[in-house]
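Asks: Sharing a model that was predicted from the sequence below.
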Amino acid sequence: MNSILTIFPFSQHFAGTYRCNASNEAGSDTGDVIIEFRSLIIEEKSWLASPWSQCIPDCHRGIRNRTVVCMTVSTRMIMDGCSPPPPSSEETCHERGPCTHWVAESWSMCSKSCGVGYQVRRVNCQATYDSNITLSDLECLTARPPVFRYCNIHNCPCSEPKFCKLIVGAELCWRLEYQRICCYTCQHTL
């Protein structure tokens, strides 16, 4: 005759020898049952996630990843069967606007043919994926290229009238108009 003795919930103080008596119309029987206590530890498991990776690309809408594994809490062994479902291992990032770059036009002609002049050019912030879209300068994250520069830094050739020696003799080189007309002579006397 097969019978099962169930003790639930079971703890260590139920361990020991029990006498079992069974009887029915066919007769009766007696036997001893030895109950041993063996602990089966069920370790707590949980999801463990690594830090997020860098966002790629680092502009517009990128994606970043991380590793997610099921582990025992106490021994940190990788296991199967964690619940609830795992946290996300991928997410979108940097939803701050389009990827951008600066587009610089050619420099203008120098404002002077000799002597210090200047040049200018247009510099626009554009969306990387579409060169027809011009954006606000605030949307480009890198330093803006220069829009102004000096040119023709060499001096103009000096062809002086004959009266420049008289200007030097009269000590009039301090006046700007004579400095321009008699540039070489006045420059060497100041």
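Replies: Thanks, I have the structure now.
Asks: Pop the domain breakdown of this structure in here.
Replies: Domain ranges of the chain: 45-93, 100-151, 158-190, per automatic domain parsing.
Asks: any idea where the helices of this protein begin and end?
Replies: When assigned using DSSP state H, the helices of the chain occupy the ranges 164-169, 176-181, 183-187.
Asks: most packed of those helices?
Replies: Neighbour counts (mean count of other C-beta atoms under 10 Å) averaged over each of these peak at helix 183-187, with a mean of 17. No exception for glycine: its C-beta is placed from N, CA and C like everyone else's.
Asks: Restricting to C-alpha, output that one in PDB.
Replies: C-alpha atoms of helix 183-187 as PDB (Å, rounded to 0.1, in the frame of the first residue of the first chain):
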ATOM      1  CA  CYS A 183      55.400 108.200 -46.300                       C
ATOM      2  CA  TYR A 184      59.000 107.100 -46.800                       C
ATOM      3  CA  THR A 185      60.600 110.400 -45.900                       C
ATOM      4  CA  CYS A 186      58.400 111.100 -42.900                       C
ATOM      5  CA  GLN A 187      58.700 107.500 -41.600                       C
END
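Asks: Going forward, the N-terminal residue is numbered 175.
Replies: Sure, I'll start numbering at 175, so the last one becomes helix 357-361.
Asks: Against which helices or strands is it packed?
Replies: helix 338-343, helix 350-355 (3 or more C-beta pairs under 8 Å, 6 or more residues apart in numbering; DSSP states H and E).
Asks: Listing request: residues of this protein with sub-threshold pLDDT.
Replies: Scanning the chain for pLDDT under 70 picks out 175-186, 211-215, 232, 269-271, 330-333, 363-364.
Asks: do that again at 90, thanks
Replies: Low-confidence segments of the chain (pLDDT under 90): 175-220, 228-237, 244-259, 266-275, 285-291, 301-310, 312-316, 325-364.
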